[in-house]
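In: Starting from these lines, generate the structure:
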Amino acid sequence: MPYFDAASAAPLHPVARQALLAALDEGWADPARLYREGRRARLLLDAAREATAEEVGCRPDELVFTPSGTRALHDGIAGALAGRRRVGRHLVVSAVEHSAVLHSAAALETAGGSVTEVPVDRTGRVGPGAFAAALRPDTALAALQTANHEVGTEQPVAEVAEACRTAGVPLLVDAAQSLGWGPVPGGWSLLTASAHKWGGPAGVGLLAVRKGVRFAARGPADEREFGRAPGFPDLPAIVAAAASLRAVRAEAAAEGARLRTLVERLRERLPGLVPDIEVVGDPVRRLPHLLTFSCLYVDGETLLHALDREGFSVSSGSSCTSSTLRPSHVLQAMGVLSEGNVRVSLPLGTTAEEVEGFLEVLPRVVASVREHLGAPAPAPAGAPSAAGEEELVVDSLGKRCPIPVIELAKVIGDVPVGGLVTVLSDDEAARLDVPAWCQMRDQEYVGERPAERGVAYTVRRRS
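Out: Residues are numbered from 1 along each chain as shown. Predicted structure coming up:
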């Protein structure tokens, strides 16, 4: 059964498994103790730190191990903001950062600080000039991911780092998705990552803070991890994380090229196999193993369950999930279709046969979901225009993604060319999905306005 969700958690690398088992026998003691077993554990911890620092591109004493990548982000942002509190309380982030960064930003605003979110283009990429323009004299910290976790778009880290250096602002980079694929461009001040993204065990994060960066660890501290990550370290997991990082980096060039070819096959063939599909993210400057697409008239949760029944494990940034009724903040910032969203992220060792199997199954599954939801069939080329009222109102209040767009598609042919259809919806996803539908179906999106309940979205029929 193909597992296509490596961006969430990569399968444990064989080297990580070997190192973990060995370290369970040798690294169980407290590395802070002076007796024989403690000294042996300390040697293992030091070796793991040195090996990881070499791959990260920093000094060993600049790097600490944390309980997770999320913890590393929270601690890195809080520590840098506290260390530079005399400069100001302003934080600059891109609009597509990981939710852990945005949660830290929200906490700063709640405490009286300020945050600037730099917008991105439709590929999910931030503009270096726009990022530089957001930096202010009171900016204490800037944060930018190396590559996006939902759509795979790589960010201009080197250019942004130079802008931050010129402005005297430290830059924190979230390298969770990219560290296993190669070095991070230089110029950063703080770096975070998470071992389970590259095939290491869960429960190990990285936080690197360059010497000279003002940093004040928050919360109670002890003597461990330079006072930045208190508590007894999970030494076997740390050893396995370091060993697997070195192993995957050694394989990255060859495996990355192979997986990029498979992803390119998906990018090229999906639009021809599935009608009304939008492949999102930068087609060139992207992670080699990740692809995201959205399908019109599809409930994302139903689609994921259907693919799971066919043996394919994928994830979604769609608003149509049981856990949230909000669109993905990444897709929202990009201004692309959010409904029926699927992220395919291929783990090491994925075969061409598995990808072909996915391409064979997906059209049938999408068609089945659309039929179940009562979605309209794709209109044939040259279909005649229908006469009718010049404006039509569709009441979709109380209905969730993708029903408002499905109802819009069903009635657009009931107004003449130039006529209007207004969709009433209280689903936040409609703010993205109605304009995206118009772009995909060559209709004119007139705009939105407040309604008595929800929002009214108006579309003009072009053809």
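
In: Which neighbouring elements make contact with the element among helices and strands of the chain having the smallest mean pLDDT?
Out: Least confident helix or strand of the chain, by mean pLDDT, DSSP states H and E, is helix 430-441 with a mean of 87. If you count contacts as 3 or more CB pairs under 8 Å, 6 or more residues apart in numbering; DSSP states H and E, helix 430-441 packs onto helix 403-411, strand 420-425, strand 444-450, strand 455-460. All C-beta spots, glycine's among them, are computed from the backbone N, C-alpha and C.

In: Swap in 7 Å and give it another go.
Out: When contacts are defined as 3 or more CB pairs under 7 Å, 6 or more residues apart in numbering; DSSP states H and E, helix 430-441 packs onto helix 403-411, strand 444-450, strand 455-460.

In: looking at those, which is buried most?
Out: Neighbour counts averaged per stretch over the helices and strands packed on helix 430-441 are highest for helix 403-411, at a mean of 22; criterion: mean count of other CB atoms under 10 Å.

In: got the angle for that helix vs strand 455-460?
Out: Put simply, helix 403-411 runs at 30 degrees to strand 455-460, going by axes from the mean of the first three to the mean of the last three CA atoms, to 10 degrees.

In: Packing partners of helix 403-411?
Out: With contacts taken as 3+ CB pairs under 7 Å, 6+ apart, helix 403-411 sits against strand 391-395, strand 420-425, helix 430-441.

In: nearest to residue 454, of these?
Out: Among the helices and strands packed on helix 403-411, strand 420-425 comes nearest to residue 454, with 5.4 Å by CB to CB.

In: Each with direction, which strands does the closest one pair with?
Out: strand 391-395 (parallel), strand 455-460 (antiparallel) (DSSP bridges).

In: Can you pull up the most central residue in the protein?
Out: For the chain, the residue sitting closest to the mean C-alpha position, by CA atoms, centre = their mean, is residue 149 at 2.3 Å.

In: thought that one was touching residue 177?
Out: Yes: the pair residue 149 and residue 177 passes the contact test of CB atoms under 7 Å, sitting 5.2 Å apart.

In: Mutual contacts of these two, please.
Out: residue 7 (CB atoms under 7 Å, 6 or more residues apart in numbering).

In: Please identify which helix or strand holds residue 50.
Out: helix 36-56 (DSSP states H and E).

In: Over to residue 397?
Out: Using DSSP H and E, residue 397 is not contained in any helix or strand.

In: what does residue 149 give?
Out: Residue 149 belongs to no helix or strand, assigned by DSSP H and E.

In: wait, what's in contact with it?
Out: So residue 149 contacts 7, 98, 176, 177 (CB under 7 Å, 6+ apart).

In: what's the answer for residue 426, then?
Out: 397, 398, 453, 454.

In: So what does it look like in phi/psi?
Out: Main-chain dihedrals, residue 426, degrees, to the nearest 10: phi -110, psi 20.

In: How much space separates it from residue 240?
Out: Separation of residue 426 from residue 240 (CB to CB, to the nearest Å): 48 Å.

In: and the strands paired with strand 420-425 as JSON lines, adding distance to residue 89 and mean pLDDT?
Out: Below are these laid out as JSON lines (distance: least, CB to CB, whole Å; pLDDT from 0 to 100):
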{"stretch": "strand 391-395", "distance to residue 89": "46", "mean pLDDT": "89"}
{"stretch": "strand 455-460", "distance to residue 89": "34", "mean pLDDT": "92"}
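
In: Dump the ones you listed to TSV, plus distance to residue 443.
Out: Shown next, in TSV, are the strands paired with strand 420-425 (distance: least, CB to CB, whole Å):
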stretch	distance to residue 443
strand 391-395	13
strand 455-460	5
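
In: Out of these, which is closest to residue 197?
Out: From the strands paired with strand 420-425, taking CB to CB, the stretch that ends up closest is strand 455-460, at 37.3 Å.

In: Any idea how far the closest one is from the middle of the chain?
Out: Centroid displacement of strand 455-460 relative to its chain, using CA atoms, centre = their mean, to the nearest Å, is 30 Å.

In: same thing with stretch 424-431?
Out: With CA atoms, centre = their mean, you get 23 Å for stretch 424-431.

In: Return the set of buried residues in that stretch.
Out: 424, 425, 427, 428, 429, 430, 431 (16 or more other CB atoms under 10 Å).

In: What's the separation between residue 303 and residue 293?
Out: 11 Å.

In: For the lengthiest helix in the chain, could you pull out the residues that count as buried?
Out: For the chain, the helix with the greatest residue count under DSSP state H is helix 235-273. For helix 235-273, burial by neighbour count (16+ other CB under 10 Å) applies to 235-245, 247-249, 251-252, 255-256, 258-260, 262-263, 266, 270.

In: Then stretch 275-293?
Out: 275-282, 286-293.

In: Domains in this structure, by residue range?
Out: 14-248, 262-373, 391-460 (automatic domain parsing).

In: Assign a three-state SS to the residue lying closest to residue 62 once chain neighbours are set aside, would you?
Out: Excluding the flanking residues, the one nearest residue 62 by CB to CB, 6 or more residues apart in numbering is residue 208, at 5.2 Å. On the three-state scheme (DSSP: H, G, I helix; E, B strand; the rest coil), residue 208 is labelled strand.

In: in the sheet, who's paired with residue 208?
Out: residue 63, residue 191.

In: Count the residues that sit near it.
Out: The number of residues packed near residue 208 is 27, by other CB atoms under 10 Å.

In: I'd assumed residue 65 was in contact with it.
Out: No: Residue 208 is not in contact with residue 65 according to CB under 7 Å; the separation is 10.5 Å.

In: who does residue 455 bridge with?
Out: The partner residues for residue 455, given DSSP bridges, come to residue 425, residue 450.

In: In this structure it contacts residue 448, no?
Out: Yes: if you go by CB under 7 Å, residue 455 and residue 448 touch, sitting 5.3 Å apart.
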